[in-house]
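[1] Need a 3D model of the following:
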Amino acid sequence: MATRHTPFITALAGALLLIPAGCATNGSVQQAGGSGTGERRAAPTTAVERSPVTDARRSGSASCPTGTGRSWVLHEPTAVSVGVSDIPWMTPSVVVSSIGTATVAYTADEGMTRTADDPPSAGDPQDPSHGEDEPVLSPGEHLALDGADVQTLVYDHTVRITTDGFFSVSDLVLTDRPPGGTWSTSPTRVEERMIERSDLAVNASGAAFFVWAEFTTPGADERLRAVFRSAAGAAWTAPQRVPAPHAFDFDAEMDDRGRVLLTYDSIRKGREGVYAVRRDAAGDWTPPRLISRDTELFGAALSPGGAAVVTHGSVDGDGAPRGPHYASFMTPDGSWGPRRRQPADIGTSSRTIGIDARGRALIAGWDGNDLKGRWSRPDGRWRKPFVIAANVRLTDEWGLAARVAVNRRGDAVVTWGAQRRNPLARARYKPAGQNWTRPVRVTDPDKPPQLLGTAIGECGHVAFTWSTRSTPRRLFLLRATPRP
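    Numbers count the residues shown, from 1 in each chain. Next up, the predicted model:
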């Protein structure tokens, strides 16, 4: 799921990603080799075993070995690294497997992309580039997991700087990693792109869609390009133009049938509004569909079965929500219902929206000092809002904004930051069919967090990752396991 960027952040991102590198190539898609090894963490390592039901889980048909829990238990946090980037849009990405292994992808202080596991794997932190100069993560989503717990990662490799010295030209590198293994030494490259932001979606069978906004020439209008993979292990296509004219912000999702939903907003005069385009498994796109005129995209979620919810509304000059906002539902056959107005700030962020396999959505947001949530029914009707956390001493830390994660069976987790001085993060968990657990403190009060990420696995395992504010900035992973 992509994150909205203001023009200032977009320009600053481009400037900070100007990293001198080697020579340019010819702009094609190719397989590339690599060499070298990542650094080894001194912490004890634990082997990660392949689940016996991963093939069935890839098709979405297998149940979890432990069934549905009634509560959860938090493990001790693992210190992953020292020296983590504090750039706000480089919030570490985290995923958690069906057996509870957490993986984080992050940008180190020196600008290098690294990954690490909890429980730790041999060779952590791993270098996905195997020694390549300056692998970096562009703003957006770049780490995902399929139903067999195979990871897909996309990073940028800067190859040259434009003549005006402001834009970087990069290769996109798409690489995979099996459970307990290392990153591929023969990844796919999409060469010579001026990338602004991106989004990655992978479904249970390993089919994947990666979309990015690029400039054709420095200062020109952006356009969306994408590559596709039909299944795990299949080749990626050559870059294709996405039929989303004048897209500003965007979000990409993929369901279990390999259908892509791309939602985007346009701020072009005469075309203002939120739109959606769909791509079927055969590669055919629908024409853009106007969902809502004169609003901008906040977030979107697509269920494994193909139902979707999109939140959108009015924003001010800085891109912050202002005035009425709405949620719109799409049925699995692609039919859109009327937009429904939402109360307070519920659903006004891309981070605070999730949906399960039955099409039941959860959105959250602030109503004064209360964090509230709201569930939908599968038909798009909304239930009454409820309180997740009351009388919160809010923090103004952008990286500690509230977050929602929901898996296919309906387990949910919500995290939020609190306290202006010495902030900390708290969370609540809801096993499918059970009540919400009591709030728990996630971070150490003596080590205030700065950037927070959350994920939930298909079997109810939860993972948190955060970086600290103190120098040197440290990165932590924390797992939580469902308990019968």
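
[2] Name the nearest residue to Val406, ignoring sequence neighbours.
    Setting aside the residues directly before and after it, Val406 is nearest to Gly354 in space (CB to CB, 6 or more residues apart in numbering), at 3.1 Å. For the C-beta atoms, the positions are set from N, CA and C on the backbone; glycine is no exception.

[3] per-residue confidence averaged over stretch 415-426?
    The predicted model assigns stretch 415-426 a mean pLDDT of 93.

[4] hang on, I meant stretch 345-357
    Here the average pLDDT along stretch 345-357 is 95.

[5] Quote the end-to-end distance of it.
    From its first residue to its last, stretch 345-357 covers 25 Å (CA to CA, to the nearest Å).

[6] before we move on, the earlier item: any idea what the residue nearest to Val406 is bridged to?
    Beta-bridge pairing of Gly354 under DSSP bridges involves Leu362.

[7] For Val309, which residues count as its bridge partners?
    Ala301, Phe329.

[8] Contacts only, for it.
    300-301, 327-330, 353, 355, 361, 363, 376, 380 (CB atoms under 8 Å, 6 or more residues apart in numbering).

[9] in the stretch 51-200 of the chain, what spans have low per-residue confidence?
    51-62, 65-66, 88-90, 163-166 (pLDDT under 70).

[10] Identify each of the helices in it and give its residue range.
    Using DSSP state H, counting those that start in this stretch, the helices of the stretch 51-200 of the chain run over residues 54-58.

[11] Now do the strands in it.
    Ranges of strands within the stretch 51-200 of the chain are 71-74, 78-82, 93-96, 102-107, 113-118, 135-136, 143-145, 151-161, 168-177, 188-202, based on DSSP state E, counting those that start in this stretch.

[12] These: which one's closest to Pro472?
    Closest to Pro472 of the strands of the stretch 51-200 of the chain is strand 78-82 (CB to CB; 4.8 Å).

[13] List the buried residues for the closest one?
    The neighbour-count check on strand 78-82 (16 or more other CB atoms under 10 Å) flags 78, 80-81 as buried.

[14] on that earlier part again, closest one to Glu253 among the strands of the stretch 51-200 of the chain?
    strand 188-202 (5.3 Å).

[15] for the closest one, packing partners?
    Contacts defined by 3 or more CB pairs under 8 Å, 6 or more residues apart in numbering; DSSP states H and E place strand 188-202 against helix 7-16, strand 29-31, strand 143-145, strand 151-161, strand 168-177, strand 208-215, strand 222-229, strand 247-254.

[16] what's the closest of these to Ser186?
    The nearest among the helices and strands packed on strand 188-202, by CB to CB, is strand 29-31 at 5.1 Å.

[17] Give me the mean pLDDT for the closest one.
    In the prediction, strand 29-31 has an average pLDDT of 48.

[18] can you check stretch 240-253 too?
    Average pLDDT, stretch 240-253: 94.

[19] does the residue lying closest to Pro288 once chain neighbours are set aside count as helix, strand or coil?
    Once flanking residues are discounted, Pro288 sits nearest to Tyr275: 4.6 Å by CB to CB, 6+ apart. Three-state assignment for Tyr275 (DSSP: H, G, I helix; E, B strand; the rest coil): strand.

[20] cool, the one 3 residues further on as well?
    Applying three-state DSSP to Arg278 yields a three-state assignment of strand.

[21] what's the pLDDT at it?
    On the pLDDT scale, Arg278 gets 98.

[22] Please apply the same query to Gly283.
    pLDDT, read off for Gly283, is 95.

[23] Now do the same contact list for it.
    Residues counted as contacts of Gly283 (CB under 8 Å, 6+ apart) are Phe228.

[24] How about the backbone phi and psi for it?
    Dihedral angles of Gly283 (phi, psi; degrees, to the nearest 10) stand at phi 100, psi 10.

[25] what do you get for Gly399?
    Taking degrees, to the nearest 10 as the convention, Gly399 sits at phi -70, psi -10.

[26] The residue nearest to it when sequence neighbours are not counted bridge partners, please.
    Excluding its sequence neighbours, the residue lying closest to Gly399 (CB to CB, 6+ apart) is Leu451, at 3.8 Å. Beta-bridge partners for Leu451, by DSSP bridges, are Ser467.

[27] Counting neighbours, what do you get for Leu451?
    25 (other CB atoms under 10 Å).

[28] cool, and Arg438?
    8.

[29] any idea of the pLDDT on it?
    96.

[30] Show the contacting residues for the closest residue to it other than its chain neighbours.
    Excluding the flanking residues, the one nearest Arg438 by CB to CB, 6+ apart is Arg428, at 7.3 Å. By CB under 8 Å, 6+ apart, Arg428 lies in contact with 388-389, 413-414, 436-440.

[31] dump the residue contacts of the spatially closest residue to Arg229 that is not a sequence neighbour.
    Of all residues beyond its chain neighbours, the one nearest Arg229 is Ala208 (4.3 Å), with distances taken as CB to CB, 6+ apart. Residues in contact with Ala208, defined by CB under 8 Å, 6+ apart, are 144, 152, 200-202, 228-229, 236, 254.
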